[in-house]
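Trainee: Take this sequence and fold it.
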Amino acid sequence: MKLDRALQKNILLKLAETYPLPNGNELHTLCEDINVLTANIFYLQEHDLIRDFQLILSVDAEATINIIYTTITKNGMDFLAADGGLSAILGTITVKFHEDTLKALLTSKIQSANIPDSEKSTLLSALKNLSGKALEQVITKLVDLGFENADQAIPLLKIVFESLQKSVS
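Mentor: Numbering: from 1, shown residues only. The predicted structure is shown next:
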């Protein structure tokens, strides 16, 4: 197979040395087989990790390559970064729940729980009087319990995911 992960990494590293300027004239030193080098550069360009590589096919199916102006892209730089670069930071999704929403969710679960009404009343009263900080601690503890009991939660997650797939389809 022409695709070579080690070569691809070396191509990206060589281009990263002069980012944002091109460094394509150095790429031919990375691989003796021009067909393998071309395939790997082309592959990286298809994935938007590099740009300005030109593969020109003539009428007689002869290929000419131009690697002089090849540069690494922001995606290529982020790919090389151990932390995923800015793409990882900018692609992070933060989910925030308002205090009232969390209380409403917990209230609903308490009300539908199979426990005596007196116990429900006690729990609902305690929930109603919780401060924001205390509610945060309760939610953190519930998340911890969920992870500690993941073996029991996995079958439930499977059901939820299957249900979501059916509703999206």
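
Trainee: CA atoms for contacts and neighbours, from now on please.
Mentor: OK.

Trainee: Now for residue 103, how many residues are close by?
Mentor: 19 (other C-alpha atoms under 10 Å).

Trainee: name the element residue 2 belongs to?
Mentor: Using DSSP states H and E, residue 2 sits within no helix or strand.

Trainee: That one contacts residue 39, doesn't it?
Mentor: Yes. Under the criterion of C-alpha atoms under 8 Å, residue 2 is in contact with residue 39, at a separation of 6.5 Å.

Trainee: Between these two, which is the more surrounded one?
Mentor: residue 39 (16 against 11).

Trainee: Just after the helix or strand hosting that one, pick out the following helix or strand.
Mentor: Here residue 39 sits within helix 34-46, counting by DSSP H and E. Per DSSP H and E, the first helix or strand lying C-terminal to helix 34-46 is strand 50-51.

Trainee: can you tell me the average pLDDT over that next one?
Mentor: Confidence for strand 50-51, expressed as mean pLDDT, is 94.

Trainee: Against which helices or strands is it packed?
Mentor: Contacts defined by 3 or more C-alpha pairs under 8 Å, 6 or more residues apart in numbering; DSSP states H and E place strand 50-51 against helix 34-46, strand 71-72.

Trainee: Low-confidence stretches in the chain?
Mentor: 57-58, 61, 63, 168-169 (pLDDT under 70).

Trainee: Give me the distance between the longest helix anywhere in the chain and the centre of its chain.
Mentor: Taking DSSP state H as the criterion, the chain has its longest helix at helix 150-168. Offset of helix 150-168 from its chain centre (C-alpha atoms, centre = their mean, to the nearest Å): 21 Å.
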